[in-house]
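Peer 1: Output the structure for:
(3 chains)
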Amino acid sequence: MTRFIIRRVLFGVIVLWLVATTVFLLFFAGPADNVARRLAGPRAPMEVIEQIKDTLGLNRSMWEQYASFLGNLLHGDLGISFISQTPVTTLIMQSLPGTLWLVAGAAVLWMAAGITGGVISAVRPRSVLDRTTTVLVLAGISLPTFVLGMLMVYLALSVFPWTGLQPGPYISPLLDLKGFLQVMIMPWVCLAVVQAAVYVRLTRGSMLDTLGEDYIRTARAKGAPERRVTYRHGLRAALTPVVTQFGVDIGTLLGGVVVTESVFGLQGLGQLMIRSVRYGDLPVIIGAAILASAFIVVANIVVDVAYSFLDPRVRLA
Amino acid sequence: MTPLLNVSDVRKYFPIRKGVFLRREVGRVHAVDGVSLQVRAGETLGIVGESGCGKSTLARCVTGLYPVTSGSIEFDGAPIGGKGFRRDVQMIFQDPYGSLNPRRRVGSIIADPLVIHRIGNAAERRRRVQELMELVGLNPEHFNRFPAEFSGGQRQRIGIARALASRPRLVVCDEPVSALDVSIQAQVINLLKDLQAELGLTYVFIAHDLSVVRYVSDRVAVMYLGRIVEIAPGEDLYKTPRHPYTNALLSAASVADPDLSARRERIVLTGDVPSPITPPSGCRFHPRCPKAQARCVREDPLLLPGGDHSAACHFPVVPGERLGAEHAGIPQESTEPGLGRTEPDRGGE
Amino acid sequence: MSLTDASAEAEHVPEEAPAVRGKGPWRLAWERLARDRAAMVSLGVIAVIVLLALLAPVFAAITGHDPQAQFPETGLTPEGLPVGPGSDFWLGADSLGRDLFIRILYGARISLLVGLLSTLLATVFGIVAGMVAGFYGGWVDGVLARVLDVVLSFPYLLVAIVLVAALGASVPLMIFVIAFFSFAAMARVVRGQTIAYKEREFIEAARSMGAGKVRTMFVDVVPNLIAPVTVLATLLIPTSIVFEATLSFLGLGVDPRTASWGAILADSVDFYRVAPGLLVFPALMLLLTTLSFNLLGDGIRDALDPRSDRLLPGK
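Peer 2: Sure thing, here's the model as predicted:
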C-alpha cells in the first residue's frame, strides 16, 4: 500500500514537472527580444522591453532561466503581475475564497441532485419520473454552461427581480450573509446543472446494475423491506463508481469555474485568468495555471489512493 | 518413413511479470514442459487432458501461433514457419462464435486463406468458396450471409471450410466440438472423418472428452500438467491403460460410457491439479497418484520413445489391477520421501 | 455416404429466402435507426442546419446584409437600440446594427466547421493511435495510456487559456485544442476495444492462416471498431460545438468580430435585457444543434448495440 502511494506521488511529481516545463517552453523559449515583446504586449516602448529583459533575466542562457523558473516555483514565488504590480500569489489568494465557495456549493448541489435523480430513475425505470429526468438530463448535457448562466441572469434581473439574485463580485458570508447568498446561488446552480445531468445518468446505470445483482435478489427473497433493499444494499454498492467519477471530474470542474465566474462576474480565480489573458498579464496566467495543475494532480492522487482502499484490485494495475 | 509432424522436447513457458516499468519476471507458467511426439501422414492423433493441462498451448505451438521456449517442431522435415507452412497447416478453433469475425460475410471469411496466400483470382476464389461450403454441408448460396445468421454447428462448418480452403495437409483441431450441443457434436465429427477420408488429411485432434477422441483417433496421447503421460494406439489405451492418471480419466468417463463402466470402478482423484507455475518434483502426478512412492517424488519418469504404447510411470498399472476409491490418493502432505505408501499396492485379481 | 447424413442434420437451417444476400449488421442497424423517431427528427434538424449554413451567402444576398456590415440607419432605433424582428431584419439586429439572422447563419458555418473538422481529426488520429497501441502493446501502449489519462484529467479550458495566452487566439489553434481533447477520448475508447478484440479467437485464426499484422488490423479489427467509433464521434461533435462556443464567448476562440455563436452571445451580454432576441435566438440554435447531435448519437448507439443502456428509455 505504501509503495502504491509512493509510486502514485512520484508519478504526480513527474506530471507537474512536465506541466511546468511545457509552460516554460511555451512562454520563454526563443530569442530574448521576442519573449520580452510577447510579455510586454505589442505597444510597449523599448525601455519597457529592456526593463523586462533585465528583471526577468532573459539575457541569461535557456538552462539558467529554466533553473531559476523551476527554483522560483518550488519556493512558491510566482512573480509579479505586469498590470497591478502586485505579487501573483497575493492576487491568487484574493480570488481564492470566491472560487472555493463556488466549487464547494456546486459540488454539494450536483452530488445531491445527481444521486437523487439517478436513484429515482433507477428505482422506477420507465416511469413518468424516470422519463422526465432523462429528458432533463439530455437538455442539461446539451446546454452550454455559459448559455444557461446568461439565461439565469436574464430571468433573475428581468422576470424575478424580487428574488434579489444578481450577478456580481464575491461577498464574504462573514460580512454579509444575505448578499453572499444572493450572489452565490445562481453560480452554484449553474455550475451544478451540467454535472448533475452526467451524474444522474451515471447513478442510474450503476444503480440498475447493482439492483440486478444476485445478492440484491437474495435480500429481497429473504424478505427485507424494499426500502432497505434499495438504500442499504443497493445504493451503497452503486455509489462507488459515482464517487470515483467525482474525483476524476475535478479537472472538468475547474474548467466550469472559469465559465461560471465570467458569466456572473464573480471575481474568482477563473475570472482572474480570463482577465489576465485579455490584458496579456502572463505571470498571473502562468501562476494560476500551474496552481490549478497542482490541484488537479493532488486531487487525482487522493482519489486513487482512496479508491485503492475501497477496491484492492486497482493497486495491481 | 519420416513423420509429417515431429515435435521434440518442446517447452512453452509463459512469464509472469510484475511492475509497470521494469516488468521483472516473477515466475513462469510451465504450460508445455517437454513434449515429444510424432504424427504420421494420414493418421489422427488425439490429445486428451483436463483443462489447463497445456493441450491448447501445444496446439498453438504446433501451428506456430506461439513461439516455443525451447525444443523443435518440424513439419514435413523442415522447421515450422517456413515457406508454405501457413498454407499446409491449418487450425480449427474451439469457439464457433469467437473464431468468426461477426462483421464479415462468411464468403469473405472462408476466402481468407486464399486471399492471404494469393491463390486464384476473384472468380476462382468465389467458386472455391462455394465448393467448400457444399463440401462441409452448407448451402453455397449463403456465402453472403453473416456468421450471426448461422447456428453453432453451422458456424463450426464455416470454420472447417476456412481451414480447408488452402488445401492443407495437417489440420489441428482444438476442441472443435466441445462448444457444441451433444446432438450436433456427432455430425461435426462425422464430417471431419469424412473429409479426412476424402482429402487424405492428417489431424491433430484435441479434446477433453475421451469418448470423442476415441471415436476419431488412430493414436491417443494423454496430457497432464504440460507433459504427455501416456501415448498409445486408441484401442490399446482404452483397453489396457498403464498410467494411473489415464486410469482415473477413463474411470471418470466410464460413468457415461456403458462399455467402460461394465468393467471399471470409479477412481476418485483427491486434491486439485497442482499449479503449473510450480509443478511438483519428480512425476508430476505423484501428489494425486494412488500408487505414488518415494521414487515418484524424486525421479521424473520418462516416456520412452519407440514402441507403440508407452507410459511415463515408474509403477505402471497392470491389467486387472484395482485402483479403487479405497486405495485412491496418498495424503497431500505425504509428498516427502518415505511418508507415502511403501508397498506398491498390487491388488489381486 | 455420411456427408449427406451430415447435411441432413437436425439443427435449424434458415428458411430458403428468395434474396440470398444476408442483411448485414449495418443494414439492420440502419433499419433500427430508421424506426427511432427522435433520432430521425434530429437527423432532419441537422440536415436543415447544415443546409442553412451552406446557404448563408444566398440569404446574405437576398437580404442584402453582409454578416459584418453595420446598418446604423435601419438596424438601430433613433435611441440607438437594436431593432426587433421584422421584414428587413428577420430576427432583428444586434447592438451594432448587424443582421442577427445572417450572423447566426454564418455562425453555424463556424460551429459546424469546428465541430466536424476537430471530430474528424480526432477520429482519424484517435483510431490510428488507439489501434496501434492496443494491438502492439508493450511500453508504447503503457506510455500512451498514461498520457491519455493525464490529458483527460486536465480541463480543456485551462489548456486553452495557457495556449491562447502564449500563441494568440485563432481558429486553427482552437480546432487543435478541441481536436486534441477529443482525440484523447477517442484513442482511449479505440485502445480498449482493440485490446478486447485482440484476445478474440478470430484474430488468432487470422494469424494462424498467415495474415500479417497490418492486414489483420484493417480486415479484422477495424470493422469491429466502426460501431463504437461512430457513436463516440456523433457525441463528440456537439461537445466540440459547445467547446467552440464557450471559447469564443470567453474571447479565447475566433476573432471577436467574426460571426460565431459564442461571440454573438458574448456581444449580447449588455443588451439582451432590452433585446432578448439577441440572447434567445443564438442560444436556441446552439441548443437545437447540440441536442440533435446528442439524440442522434444516442439513437445510433441504440441501433448498433440494442442491449446498451439508452438515454431516452422507450420510444
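Peer 1: which residues of chain A score low on pLDDT?
Peer 2: Low-confidence segments of chain A (pLDDT under 70): A:1, A:30, A:38-42, A:308-317.
Peer 1: care to break it down by domain?
Peer 2: For chain A, the structural domains run A:2-74, A:92-310, going by automatic domain parsing.
Peer 1: can the last one be found next to chain B?
Peer 2: This points to domain A:92-310. No - on the criterion CB under 8 Å from any CB of the partner chain, domain A:92-310 is out of touch with chain B, staying 13.7 Å away. Glycine gets a C-beta too; all of them are placed from N, C-alpha and C.
Peer 1: Off-centre distance for that domain?
Peer 2: 9 Å (CA atoms, centre = their mean, to the nearest Å).
Peer 1: The first one too?
Peer 2: On the basis of CA atoms, centre = their mean, domain A:2-74 is displaced by 24 Å from the centre of the chain it belongs to.
Peer 1: and the stretch 201-317 of chain A, which residues reach chain C?
Peer 2: Residues of the stretch 201-317 of chain A lying close to chain C by CB under 8 Å from any CB are A:201, A:205, A:208, A:248, A:251-256, A:258-259, A:262, A:273-274, A:276-278, A:280, A:282, A:285-286, A:289, A:292-293, A:296, A:300.
Peer 1: In ChimeraX, how would I select the buried members of those residues?
Peer 2: To isolate the buried members of these in ChimeraX, using 16 or more other CB atoms under 10 Å in any protein chain shown:
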select /A:201,205,208,251,252,253,254,255,256,258,259,262,273,274,276,277,280,282,285,286,289,292,293,296,300
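Peer 1: Next step: the residues of the stretch 201-317 of chain A next to chain C restricted to helices.
Peer 2: A:201, A:205, A:208, A:248, A:251-256, A:258-259, A:262, A:273-274, A:276-278, A:282, A:285-286, A:289, A:292-293, A:296, A:300 (DSSP state H).
Peer 1: Centre-most residue in chain C?
Peer 2: By CA atoms, centre = their mean, chain C has its centre lying nearest to C:Ile237, at 1.6 Å.
Peer 1: secondary structure class for the closest residue to B:Arg103 other than its chain neighbours?
Peer 2: Nearest residue to B:Arg103 in three dimensions, chain neighbours excluded: C:Pro223, at 3.8 Å (CB to CB, 6 or more residues apart in numbering or on different chains). Following DSSP: H, G, I helix; E, B strand; the rest coil, the label given to C:Pro223 is helix.
Peer 1: who touches residue 68 in this structure?
Peer 2: By default, I'm working from chain A. By CB atoms under 8 Å, 6 or more residues apart in numbering or on different chains, the contact set of A:Ser68 is A:57, A:60.
Peer 1: To clarify, I was referring to chain B.
Peer 2: B:10-12, B:32, B:61.
Peer 1: now the strands: where do they sit in chain A?
Peer 2: Read by DSSP state E, chain A holds no strands at all.
Peer 1: Point me to the residue of it nearest chain B.
Peer 2: In chain A, the residue that lies nearest chain B is A:Arg7 (7.8 Å; CB to the nearest CB).
Peer 1: can you check the stretch 201-315 of chain C too?
Peer 2: For the stretch 201-315 of chain C and chain B, the shortest gap (CB to the nearest CB) falls at C:Gly210, measuring 3.1 Å.
Peer 1: Spell out which residues sit in contact with A:Pro167, please.
Peer 2: A:Pro167 neighbours (CB under 8 Å, 6+ apart): A:153, A:156, A:183, A:186, A:263-266.
Peer 1: Buried among these? Need that as a selection in PyMOL.
Peer 2: Selection of buried members from the contacts of A:Pro167 for PyMOL, criterion 16+ other CB under 10 Å:
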select buried, chain A and resi 153+156+183+186+263+264+265+266
